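**Student:** sequence first, then the predicted structure, then my questions.
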Amino acid sequence: MAKDLFKLGLSIVSRSGKTIISSVDEYGFPNTKAMLKPREQDGLKTFYLTTNTSSMRVHQYRNNPKACLYFFDARFFRGIMLRGTMEVLEDQETKARIWKTGDTMYYKEGVTDPDYCVLKFTASDARIYENFKSLSFEIE
């Protein structure tokens, strides 16, 4: 059953046009926003996204790395929530690997822009919502 849930989760992620991310603010409340699809992923375990180093979200992840990612397939009204931790990566090797042509629209100084960083999310568990039911499973 876990293998089927894993496959369904991958399908939902691939069909989702966006990534919904959540962080925890200094008062312990969740903060959620939509972002573009991950730049890179390894199954359901690891996801890489880009953002501004100066953003509120980066500040929150540095203070509390607990995070969620949510992906949904609106056509079939199903989704997957992944819980885990978020790291803020600023090393040049990772930034260069994740960089895409056109990113200068967001990061004017290019791949070395100090306001460009990579968010690395590592999942610990997941919850799939489908057919008005939900099922949880561990991510290995």
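**Tutor:** Great, that's in hand.

**Student:** so how far is the lengthiest helix in the chain from its chain's centroid?
**Tutor:** If you go by DSSP state H, the chain has its longest helix at helix 2-15. Chain-centre distance of helix 2-15: 16 Å, with C-alpha atoms, centre = their mean, to the nearest Å.

**Student:** begin at 12 from here
**Tutor:** Let's use 12 as the start, then, which means that last one is helix 13-26.

**Student:** which SSE is immediately downstream of the longest strand anywhere in the chain?
**Tutor:** Determined from DSSP state E, the single longest strand within the chain is strand 127-141. Using DSSP states H and E, the helix or strand that directly follows strand 127-141 along the chain is strand 144-149.

**Student:** quick one, strands of the chain?
**Tutor:** Under DSSP E, the chain gives strands at 30-35, 41-46, 51-53, 57-63, 77-84, 89-100, 127-141, 144-149.

**Student:** so where is the chain shaky, pLDDT-wise?
**Tutor:** 12-13 (pLDDT under 70).

**Student:** including distance to G121 and mean neighbour count, could the strands of the chain go into CSV?
**Tutor:** The C-beta positions use only the backbone N, C-alpha and C, and glycine is treated the same way. What follows is those, written out as CSV (distance: least, C-beta to C-beta, whole Å; neighbours: other C-beta atoms under 10 Å):
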stretch, distance to G121, mean neighbour count
strand 30-35, 24, 20
strand 41-46, 21, 12
strand 51-53, 19, 14
strand 57-63, 13, 19
strand 77-84, 27, 20
strand 89-100, 17, 19
strand 127-141, 8, 20
strand 144-149, 40, 12
